[in-house]
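Asks: coordinates only, sequence not included:
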């Protein structure tokens, strides 16, 4: 049963509303609303997950799908090494991405369709304008535009060399531009749009919002919304996605000022599924836990910053839709 365009549009509108409010106010666990790139990414993966689950659940249930959405936050992002023509030593490093979005659509037949995207977050330089003036920006741009062969700098990822050259027009990474330069930043939320690396982003025009980007990944509506991957697949892109999730989900959250010497799983999860109730009536069941305590996310120091922030969506076909 396909996820039709009307459902994708409804999911887009709902997600954009939640994401806007989240970027404006942040996570309830934050001491102050986020204003930096790191804090804004953290607010999305920690605070918007359960609210988006609540908004998307009835939409997907109406067409016969259940939903699990989870977000995991890691303060640092993994570094990769690759050859760069402007480097004196020809080898350079930069962050691979700030966020990994993974979508799995599970069909009753047993088939799984996965798409994923790396997202490098950037703050708009001014209203609707995008520049790459930061120290690491030229390297990040070169990586996403050319995808030279690379390896991870952190030993936890091993020594394998990966090649993510685009296939079938699908690219592995996009730039997520967060525009806070509005007339009234106290009440108007920042806008997060997704930009392809080529041509070099310079202005915010008709690019999809983050909500639209993710909703269309679920609907699998085009080449510009993520890149197809296979769980446990042998190709380089599938292997990178699996490796990033394996390392990230193996991490726990440690923050002595709020947790002492205890450690808890980092992240937030929202689950919605159709559960049989008496008299054959189906009820929407939701569950999830609060995000870990955070007092100003910019102050968190990870002892082992090998993981990557992940937004994971699993949509499972149940066949119980009314439409």
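Replies: Received it, and whenever you're ready, just let me know what you need. Note that the structure is predicted; figures quoted are calculated from it, not measured. Residues are numbered from 1 along each chain as shown.

Asks: hmm, residue 121 is touching residue 37, no?
Replies: Yes. Counting by CB atoms under 8 Å, residue 37 is a contact partner of residue 121 at 5.2 Å. Glycine gets a C-beta too; all of them are placed from N, C-alpha and C.

Asks: which neighbours do those two share?
Replies: Shared contacts of residue 121 and residue 37, defined by CB atoms under 8 Å, 6 or more residues apart in numbering, are found at 98, 178.

Asks: which of these two has more residues huddled nearby?
Replies: Each of residue 121 and residue 37 has its neighbours counted (other CB atoms under 10 Å); residue 121 has more, 21 against 16.

Asks: now that one. Nearest residue, chain neighbours left out?
Replies: Leaving aside its chain neighbours, residue 121 sits nearest to residue 98 (4.3 Å; criterion: CB to CB, 6 or more residues apart in numbering).

Asks: now the phi/psi pair for that neighbour, please.
Replies: Per-residue torsions, residue 98: phi -90, psi -20 (degrees, to the nearest 10).

Asks: on the three-state scheme, residue 97 is what?
Replies: Secondary structure, DSSP: H, G, I helix; E, B strand; the rest coil: residue 97 is coil.

Asks: that one: neighbour count?
Replies: Neighbours of residue 97 (other CB under 10 Å): 26.

Asks: ok, the residue nearest to it when sequence neighbours are not counted - contacts?
Replies: Closest residue to residue 97 apart from its sequence neighbours, by CB to CB, 6+ apart: residue 118 at 3.7 Å. Residues in contact with residue 118 (CB under 8 Å, 6+ apart) are 96-97, 99-100, 172-174.

Asks: between those residues, which is closest to residue 25?
Replies: residue 99 (19.4 Å; CB to CB).

Asks: beta partners of that closest one?
Replies: residue 119, residue 309 (DSSP bridges).

Asks: go on, residue 152?
Replies: Counting by DSSP bridges, the residues bridging with residue 152 are residue 80.

Asks: state the distance from it to residue 120.
Replies: As judged by CB to CB, to the nearest Å, residue 152 and residue 120 stand 16 Å apart.

Asks: in contact with the residue nearest to residue 121, which residues?
Replies: If you count contacts by CB under 8 Å, 6+ apart, residue 98 has them with 37-38, 41, 77, 119-121, 176, 308-309.

Asks: now do residue 116
Replies: Contacts of residue 116 by CB under 8 Å, 6+ apart are 100-103, 172, 226-227, 229, 237, 241.

Asks: again, 6 Å this time
Replies: 102, 226, 229, 241 (CB atoms under 6 Å, 6 or more residues apart in numbering).

Asks: so for it, what's the pLDDT?
Replies: With respect to pLDDT, residue 116 has a value of 96.

Asks: all strands of this structure, in order?
Replies: Applying DSSP state E to the chain gives strands spanning 65-72, 79-83, 91-95, 99-106, 112-123, 150-152, 173-179, 191-195, 227-229, 268-276, 282-287, 309-317.

Asks: confidence-wise, which of the ones you listed is weakest overall?
Replies: Across the strands of the chain, strand 282-287 gives the lowest mean pLDDT, at a mean of 27.

Asks: re earlier: any chance of the contacts of residue 118 in TSV, with distance to residue 81 too?
Replies: Formatted as TSV, the contacts of residue 118 follow (distance: CB to CB, whole Å):
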residue	distance to residue 81
96	10
97	15
99	21
100	19
172	17
173	16
174	22
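
Asks: between these, which is nearest residue 26?
Replies: Closest to residue 26 out of those is residue 99 (16.1 Å), distances taken as CB to CB.

Asks: roughly how far does that closest one sit from residue 173?
Replies: For residue 99, the distance to residue 173 - CB to CB - is 10 Å.

Asks: surely residue 212 meets residue 14?
Replies: No. At 11.1 Å, residue 212 does not count as touching residue 14 under the criterion of CB atoms under 6 Å.

Asks: leaving out sequence neighbours, find the closest residue to residue 207.
Replies: Closest to residue 207 by CB to CB, 6+ apart is residue 193, at 4.2 Å.

Asks: just for the stretch 1-150 of the chain, where's the confidence low?
Replies: 1, 28-31, 86-89 (pLDDT under 70).

Asks: please, where are all the helices along it?
Replies: Applying DSSP state H, counting those that start in this stretch to the stretch 1-150 of the chain gives helices spanning 5-25, 37-61, 137-146.

Asks: these: which one's closest to residue 83?
Replies: Closest to residue 83 of those is helix 137-146 (CB to CB; 10.0 Å).

Asks: who's in contact with that closest one?
Replies: 84, 92, 94, 120, 132, 173, 197-198.

Asks: and those, which two are the farthest apart?
Replies: Spanning the widest gap among these are 92 and 198, at 19.9 Å by CB to CB.

Asks: neighbour count winner among the two?
Replies: Neighbour totals were compared for residue 92 and residue 198, and residue 92 leads with 20 against 12 (other CB under 10 Å).
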